[in-house]
Structures are given as structure tokens and as C-alpha cells.
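Chemist: here is a sequence with its predicted model. Questions after.
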Amino acid sequence: VRRIAMLPPSSSHQEDEKEESKDKKEEEEVMAVCGGSRGGLYLLDLKNGKVEDEVKDAHNAQDTYSRKDTNIWKAMYGSFDGGGVVSLAMGRIRNKNEEEKWVASSGREGGASVWRIITNDDDDDDDS
């Protein structure tokens, strides 16, 4: 594992904690994403201890095709640079009445990727 990010609590969940009793509260999901040196992203359900989903080639494992001066890269990153995921973030976006979960990631190849998390609960909502 090279990087990890956790999903922050939803703002509605924080407000509920102040107003409702513990038995009435809906359980909040506890999610995290890990990024590996081989470029994969792994979505984790921390409550159940399961890997919910993965994208094995989200970022390049080795970014050798764009390296013109390997001495500069060696000075910046050391003798071993596994490439892969170099930064991660997770968050929630309020869209109309729904709350969407997302992951942002970047690798040595440059740029960033944004991934929307769709859970089984989201799939059920789309059918109705």
C-alpha cells in the first residue's frame, strides 16, 4: 500500500448525531481507498473488512516512457520509484437531494483522475 484516504462523515450524519438518539441513527458507512505502487486502487469497507471494488490499472506502475533524464527522477524520488498512485482523496458531494461519494487520485504519469463510487444502495435507488 502506497497511499490511503478515508471517506469523511457526511454533514447530515454529523447533524443527526447532535439531534437523534443512538438507536434511531442510521449506520454510517466507513469506507477507505488504498493506492498501490503498481497503480491499482482498492475500495475498502472498513466495517466489514472487505475489498468492495478495485481498478488494477488506474495509474501506470512505471512511468518510463516520459522520462528523458533518469538522473533527475532518481534525485527526486530515490533509487527505487515504484510509480503507481502518489496521491488520494475521498469526499462527498451534495447533488440535489442525493449525496455522491468520490475518489480523486494521481500517479507519476501526470494529471488526476476522479472516480464516482456507486454502491449497491445507489443501484437500488436508480431502479425506483
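Modeler: That came through fine.
Chemist: list the contacts of the nearest residue to residue 100 once chain neighbours are set aside.
Modeler: Nearest non-adjacent residue to residue 100, counting by CB to CB, 6 or more residues apart in numbering: residue 93, 4.8 Å away. Backbone N, C-alpha and C define where each C-beta goes, glycine included. Taking CB atoms under 8 Å, 6 or more residues apart in numbering as the criterion, residue 93 is in contact with 99-100, 102.
Chemist: now the helices: where do they sit in the chain?
Modeler: Assigned by DSSP state H, the chain shows helices spanning 11-19, 70-77, 120-127.
Chemist: now the strands for the chain?
Modeler: Using DSSP state E, the strands found in the chain span residues 3-6, 31-35, 41-45, 50-55, 85-95, 98-107, 112-117.
Chemist: which stretch in the helices of the chain has the least confidence?
Modeler: For the helices of the chain, the weakest mean pLDDT is recorded on helix 11-19, namely a mean of 52.
Chemist: how far away is residue 35 from residue 117?
Modeler: Distance from residue 35 to residue 117, counting by CB to CB, to the nearest Å: 15 Å.
Chemist: for the two, indicate the residue with more neighbours.
Modeler: residue 35 (26 against 18; other CB atoms under 10 Å).
Chemist: for the more buried one, which non-adjacent residue is closest in space?
Modeler: residue 85 (2.7 Å).
Chemist: thought residue 1 was touching residue 38?
Modeler: No - with contact defined as CB atoms under 8 Å, residue 1 does not count as touching residue 38 (10.8 Å).
Chemist: looking at the two, which one has more neighbours?
Modeler: Remark: of residue 1 and residue 38, residue 38 carries more neighbours, 17 against 9, as counted by other CB under 10 Å.
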